[in-house]
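My questions are about this predicted structure, shown below with the sequence.
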Amino acid sequence: MQRPGTGPWVLEHWDTDGSKSFCSNGSRAALAVPGAPDGPLVEAISSGERILLRQGREEGVGIRMPEGEGFALREVPMPTPHPAGFGWIGNPQLVLEVPSVAALDLRDYAPPLRHHAGLPGGTNVNVVEVIAPGEARIRSWERGVEGETLCCGTGCAVAAVWLARDGGPHAWRLRTASGEDVTVTFLPEAGGGWRDLWLSGPVRRLGHVQPDPSLHP
């Protein structure tokens, strides 16, 4: 992270395999770091993507996702075992609607989709189960981690936009694998895009890590 100065707060995120990518939850969690900027809205550039961070609201820390040209739902480039959508939100997200997320063996189901030849560079894989209008369960298999994570914020955001594609709600509460909920609200744009796409959820500081001095420039 670059400490805030006169311009946007600059953040960079690396996955466990050493690759760099945009991470919405990592960006939200950065507001819990000592010395993070104050104020209700924080302008930031996270792994090259322009975002806003919002704190101090009842639903937790929020992030306004990247928007504009290129950020949208796109055609799914390969056959899928369940109804599916695909979107770019600073990283690639495949979303599939399944009868039950709990019954799915994600370790067998997700990797062939994550590495499919139709998606050069691969994709995150998210499975969703709608339980009521505006409510769904979600599980995510993330590239870079190469495993299931407790919550993929960008996956939740694309899932909500895709679930609303045929006139569905533009506000969703998603129950993640952590057992906690995140909320997604947005305004749809023509061509599968969005604006004011906010994802909000809890952020807690779990501990303190002191980087080795060799990591400092």
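Thanks, I have it.

which is the next helix or strand following the longest helix along the chain?
Longest helix of the chain, by residue count under DSSP state H: helix 153-163. Tracing the chain past helix 153-163, the next element assigned as helix or strand by DSSP states H and E is strand 171-175.

Name the SS class of Ile51, please.
strand (DSSP: H, G, I helix; E, B strand; the rest coil).

Near it, how many residues? Count them for me, please.
As a burial measure, Ile51 scores 23 neighbours (other CB atoms under 10 Å). (Glycine included, C-beta is placed from N, CA and C.)

ok, it - contacts?
Ile51 makes contact with Ser24, Ser27, Ala44, Ile45, Ile63, Arg64, Met65, Pro66, according to CB atoms under 8 Å, 6 or more residues apart in numbering.

want to try JSON lines for those, with distance to Gly201 and neighbour count as columns?
Formatted as JSON lines, the contacts of Ile51 follow (distance: CB to CB, whole Å; neighbours: other CB atoms under 10 Å):
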{"residue": "Ser24", "distance to Gly201": "10", "neighbour count": "30"}
{"residue": "Ser27", "distance to Gly201": "12", "neighbour count": "27"}
{"residue": "Ala44", "distance to Gly201": "17", "neighbour count": "24"}
{"residue": "Ile45", "distance to Gly201": "21", "neighbour count": "16"}
{"residue": "Ile63", "distance to Gly201": "9", "neighbour count": "27"}
{"residue": "Arg64", "distance to Gly201": "14", "neighbour count": "21"}
{"residue": "Met65", "distance to Gly201": "13", "neighbour count": "27"}
{"residue": "Pro66", "distance to Gly201": "18", "neighbour count": "22"}
